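Novice: Pasted the sequence and its predicted model underneath.
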Amino acid sequence: MATLASPRDERAMDVRFAHDQLVVDLRDGRTIATPIIWYPRLRDATPEQRANWQLIGSGGGIHWPDVDEDLSVEGMLAGRPAVGWDR
C-alpha cells in the first residue's frame, strides 16, 4: 500500500539565537536548532552582527554579511558543523 507524504519545504524563513543555539524556522513548520559553538564566526559575533542575516536562494541558506558566514539548511539538517569547527 502506498502512502502519501506531505511535501517538505526545507527552506528557512526566520532565524534567531536562543541561549547557545542557532534556531531556524522552516517553511514547512519545523524548527531546527544547532549549537552556536559549531559556527565560530557566529559564536564570536556581536548580537548586532548575528541579527544582520539574509536568506540565500529563497531560503536554502543563510548569510551573515558582517562576519562572512554562510550556512545551508541542508547542512544544518544533516548535523554538519561549519568548516573549521574544532571539538
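Specialist: Sure thing, it's come through.

Novice: shaky segments in the chain?
Specialist: 1-7, 87 (pLDDT under 70).

Novice: how about the strands in it?
Specialist: For the chain, applying DSSP state E gives strands covering 12-18, 21-26, 31-35, 54-56, 61-64, 69-72.

Novice: For Val83, find the nearest of the ones you listed.
Specialist: Val83 lies closest to strand 69-72 among the strands of the chain, at 10.6 Å (Cβ to Cβ). No exception for glycine: its C-beta is placed from N, CA and C like everyone else's.

Novice: Pairing partners for the closest one, with directions?
Specialist: Strand 69-72 has these partner strands in its sheet, going by DSSP bridges: strand 61-64 (antiparallel).

Novice: buried set for the strand it pairs with?
Specialist: 61-62, 64 (16 or more other Cβ atoms under 10 Å).

Novice: CA-only coordinates of that strand in CSV, if you can.
Specialist: Output of strand 61-64 as CSV, limited to C-alpha atoms (Å, rounded to 0.1, in the frame of the first residue of the first chain):
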residue,chain,number,x,y,z
GLY,A,61,20.8,29.0,3.0
ILE,A,62,21.5,31.9,5.4
HIS,A,63,24.2,34.6,5.0
TRP,A,64,25.7,36.9,7.7
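
Novice: Centre of the chain to it, how far?
Specialist: On the basis of Cα atoms, centre = their mean, to the nearest Å, strand 61-64 is displaced by 8 Å from the centre of the chain it belongs to.

Novice: Over to stretch 70-78?
Specialist: The answer for stretch 70-78 is 6 Å, by Cα atoms, centre = their mean.

Novice: For it, list every residue counted as buried.
Specialist: Going by 16+ other Cβ under 10 Å, stretch 70-78 has these buried residues: 71-73, 76.
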